[in-house]
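[1] I need the structure of the sequence given here:
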Amino acid sequence: MKLKALLDSVSDLPEAVRGFYQEKDGKYVLQLEGVSEHPEAAALKNALDRVRQEKQTVITERDALKNQIAGLPEGFSLADYNALKDSAGGDINAKLTEQRERLTKQFDTEKTGIIAERDKWKKQAEGGEVDRALNQAMKDANIAPHLEKGFKAMFRDQIKVTQEGDAVITTIEGLPVADHIKKWAGSDEGKFYVAADDNSGGGANGGKGTGNSSGFNPYAKDTWNFTEQSKLEKSDPNKAAQLKKAAGVK
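    Down below sits the predicted model:
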């Protein structure tokens with residue numbers, strides 16, 4: 001009579017044999033000693049050990065291949081690999097390293113170019129926003145036309161351009177450009193730049209006085225007058241300095 005290693009029940013076994021079984025997880029397991037020495041058990045164990053070792057070898061080789069191909073371009077094929085290996089004279093690792101370095105350098109160069117192009121267009125766009133803000137501010141503050149060049153030179157570099165969502169914001173010292181210019185136009189310095197209809201005498205266009213009581217600017221390109229410059233520098237040096245600044249003269 002051969003005893004089975006695993007039974008669902010021992011009720012059909014002779015009383016003397018039931019003691020060889022032990023219940024475990026709802027089953028009855030035959031209790032054996034020296035089972036590892038049994039020829040069939042030893043062969044099974046050897047086969048299991050061999051399978052485990054082969055599995056570990058496969059895992060090791062897989063990991064080595066994954067590290068080897070890391071960084072290769074997407075879609076890199078076996079044909080590409082073989083061609084690369086042939087061109088490398090068999091030293092595939094050196095060739096792959098060289099290729100990665102070349103691609104990295106190429107990427108960095110293209111990235112630098114893209115950033116430079118972006119900054120170029122950004123600067124041009126911001127320049128356009130600055131011009132629009134200044135032109136509108138000059139119109140709102142009624143800046144005298146013959147003083148516009150000096151006015152723009154004075155404020156252009158003070159304007160900060162930011163973006164909030166789709167809206168472009170232009171400010172000077174935290175205020176919208178138009179508000180800042182309007183406030184400045186009412187100051188002692190700004191009054192001179194305002195046209196005669198809003199500020200009698202300050203920045204009036206036309207007239208050929210000394211520049212101290214009219215909009216005439218002896219430093220301006222179109223109204224350059226050395227005699228009037230000399231008179232003004234003697235009689236009112238501060239006003240002369242303002243007119244020079246307005247005309248862009250250093």
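
[2] pLDDT at residue 29, what is it?
    The score at residue 29 is 84. That number is its pLDDT.

[3] surely it is in a helix?
    No. Per DSSP: H, G, I helix; E, B strand; the rest coil, residue 29 lies outside any helix segment and is strand.

[4] which residues in the protein form strands?
    In the chain, the segments counted as strands under DSSP state E are 6-7, 21-24, 27-30, 160-164, 167-172, 175-176.

[5] give the residue spans of this protein that score low on pLDDT.
    Along the chain, segments meeting pLDDT under 70 span 1, 34-41, 68-74, 76, 78, 81-82, 84-92, 196-215.

[6] make JSON lines from the strands of the chain and add mean neighbour count and distance to residue 130 to it.
    The way it works is simple: take the backbone N, C-alpha and C, and place the C-beta from them, glycine included. Below are these laid out as JSON lines (neighbours: other CB atoms under 10 Å; distance: least, CB to CB, whole Å):
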{"stretch": "strand 6-7", "mean neighbour count": "14", "distance to residue 130": "88"}
{"stretch": "strand 21-24", "mean neighbour count": "13", "distance to residue 130": "86"}
{"stretch": "strand 27-30", "mean neighbour count": "15", "distance to residue 130": "87"}
{"stretch": "strand 160-164", "mean neighbour count": "12", "distance to residue 130": "7"}
{"stretch": "strand 167-172", "mean neighbour count": "15", "distance to residue 130": "7"}
{"stretch": "strand 175-176", "mean neighbour count": "14", "distance to residue 130": "13"}
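
[7] do you know which of these lies nearest residue 147?
    Each of those has some distance to residue 147 by CB to CB; the shortest is strand 167-172, at 18.0 Å.

[8] ok, the nearest residue to residue 176 once chain neighbours are set aside - contacts?
    Spatial nearest neighbour of residue 176, chain neighbours left out: residue 170 (7.1 Å); criterion: CB to CB, 6 or more residues apart in numbering. By CB atoms under 8 Å, 6 or more residues apart in numbering, the contact list for residue 170 reads 129-130, 132-133, 159-161, 176-177.

[9] mind doing that once more with 6 Å?
    By CB atoms under 6 Å, 6 or more residues apart in numbering, the contact list for residue 170 reads 129, 133, 159, 161, 177.

[10] in terms of contact, does residue 133 touch residue 177 like I think?
    Yes. At 4.1 Å, residue 133 counts as touching residue 177 under the criterion of CB atoms under 6 Å.

[11] give me the neighbour count for residue 145.
    Using other CB atoms under 10 Å, the number of residues around residue 145 comes to 11.

[12] so how far is residue 135 from it?
    Distance of residue 145 to residue 135, computed by CB to CB, to the nearest Å: 12 Å.

[13] for residue 115, same thing?
    30 Å.

[14] who has more neighbours, the two?
    Neighbour totals were compared for residue 115 and residue 135, and residue 135 leads with 13 against 10 (other CB under 10 Å).

[15] who does the residue nearest to residue 176 form a beta bridge with?
    Applying DSSP bridges to residue 170 gives these bridge partners: residue 161.

[16] please identify which of the contacts of residue 170 is nearest to residue 107.
    When those are compared against residue 107 (criterion: CB to CB), the nearest one is residue 161, at 30.6 Å.

[17] so who does the closest one touch?
    Residues near residue 161 by CB under 6 Å, 6+ apart: 126, 129, 170.

[18] what ranges do the helices span in this structure?
    Residue ranges of the helices in the chain, as given by DSSP state H, are 15-18, 39-69, 78-87, 92-141, 148-155, 177-185, 188-191, 226-235, 237-247.

[19] picking up where we left off before, now the residue nearest to residue 176: how far from residue 153?
    Taken as CB to CB, the span from residue 170 to residue 153 is 17 Å.

[20] do the same with residue 28
    Distance of residue 28 to residue 153, given as CB to CB: 102 Å.

[21] next one: residue 248
    Counting by CB to CB, the gap from residue 248 to residue 153 is 6 Å.

[22] one more: residue 192?
    Separation of residue 192 from residue 153 (CB to CB) stands at 15 Å.

[23] many thanks, we can stop here.
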